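Novice: Sequence isn't available, so here's the structure alone:
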């Protein structure tokens, strides 16, 4: 590997997350470091890079389709929007204004997760697939901003996988549907044209590792008790999600990239 992880990072695989609540003065909240456990991005000329390129080229034909519109929708990461994106998977409408504990948890995690992913992206410096060409992306207004950030691993996918894992933990009877939606959420980044396939695969791994590290931390466990209770209460009182939206998501789950 051209890049070398620091000795501290290689041994500990974790760093303290700033900005998270502390359960007593000795409580430390940790996030694992993807620079140590993620595989490096595929090198030029490798079979994996060829697969990455084929996936991007094939999905350019989706421009203007419902799948393209879903990718555009999935580009929005505001917690209120992201929560609602999992309504079909949950089987009932997830209204952020009725889920204050969940909304607060996502707001709490947003900055430290972004910081961690930014560190990882800056470590590998992988250009996004549209850089240096004129390929369409599903968020053209964000093109200039995205050109100045790196691709590996996918932050959207990492964040979507963490959110899905929280919801699946709280609603275990819907875990299969929720994690399927998280996969589709990640694949939207390929459809959008802003991430390579391997970026997204690394995002799944990254999100899983971050969620695993959170599960036994006291402040997170306490917050999850409230999140579970409010989701279970809403489940008995909420309306059904939009059927047309659910149909598009269901069709997207059958796609192969």
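Specialist: Looks like it came in fine. Values in this document were obtained by computation on a predicted structure and should not be read as measured data. Residues are numbered from 1 along each chain as shown.
Novice: Was I right to think residue 248 contacts residue 66?
Specialist: Yes - using C-beta atoms under 8 Å, residue 248 makes contact with residue 66 at a distance of 4.7 Å. C-beta coordinates here come from the backbone N, C-alpha and C atoms, glycine included.
Novice: Where do the helices of this structure begin and end?
Specialist: 7-12, 34-37, 47-59, 66-74, 79-85, 87-90, 100-124, 143-147, 155-170, 175-192, 197-214, 218-235, 243-252 (DSSP state H).
Novice: In CSV: these, plus mean neighbour count.
Specialist: CSV is the format used below for the helices of the chain (neighbours: other C-beta atoms under 10 Å):
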stretch, mean neighbour count
helix 7-12, 12
helix 34-37, 18
helix 47-59, 16
helix 66-74, 20
helix 79-85, 20
helix 87-90, 24
helix 100-124, 18
helix 143-147, 13
helix 155-170, 25
helix 175-192, 23
helix 197-214, 22
helix 218-235, 16
helix 243-252, 15
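Novice: With respect to the ones you listed, which exhibits the lowest mean confidence?
Specialist: Ranked on mean pLDDT, the bottom entry among these is helix 7-12, at a mean of 33.
Novice: Same list (the helices of the chain) but as a markdown table, adding distance to residue 134.
Specialist: Converted to a markdown table, the helices of the chain look like this (distance: least, C-beta to C-beta, whole Å):
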| stretch | distance to residue 134 |
| --- | --- |
| helix 7-12 | 38 |
| helix 34-37 | 31 |
| helix 47-59 | 13 |
| helix 66-74 | 17 |
| helix 79-85 | 29 |
| helix 87-90 | 34 |
| helix 100-124 | 23 |
| helix 143-147 | 10 |
| helix 155-170 | 23 |
| helix 175-192 | 15 |
| helix 197-214 | 20 |
| helix 218-235 | 44 |
| helix 243-252 | 26 |
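Novice: Select, out of the ones you listed, the one closest to residue 135.
Specialist: Evaluated over those, closeness to residue 135 peaks at helix 47-59, with 7.1 Å, by C-beta to C-beta.
Novice: so what secondary structure elements neighbour the closest one?
Specialist: helix 175-192, helix 197-214 (3 or more C-beta pairs under 8 Å, 6 or more residues apart in numbering; DSSP states H and E).
Novice: Could you tell me the angle between that helix and helix 175-192?
Specialist: Angle of helix 47-59 versus helix 175-192, following axes from the mean of the first three to the mean of the last three C-alpha atoms, to 10 degrees, is 80 degrees.
Novice: Does residue 235 touch residue 92 like I think?
Specialist: Yes - using C-beta under 8 Å, residue 235 is in contact with residue 92, at 5.4 Å.
Novice: got the contact list for residue 153?
Specialist: Neighbour list for residue 153: 34, 38, 117, 120, 121, 199, 202, 203, 205, 206 [criterion: C-beta atoms under 8 Å, 6 or more residues apart in numbering].
Novice: Excluding chain neighbours, what is closest to it?
Specialist: residue 202 (3.6 Å; C-beta to C-beta, 6 or more residues apart in numbering).
Novice: contacting residues for that neighbour?
Specialist: 34, 38, 39, 41, 152, 153, 154, 157.
Novice: Turn these into a markdown table, including distance to residue 75.
Specialist: A markdown table is the format used below for those (distance: C-beta to C-beta, whole Å):
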| residue | distance to residue 75 |
| --- | --- |
| 34 | 22 |
| 38 | 23 |
| 39 | 25 |
| 41 | 21 |
| 152 | 18 |
| 153 | 16 |
| 154 | 12 |
| 157 | 12 |
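Novice: Report the two of those residues separated the most.
Specialist: Longest span within the contacts of residue 202, C-beta to C-beta: 39 and 157, 15.0 Å.
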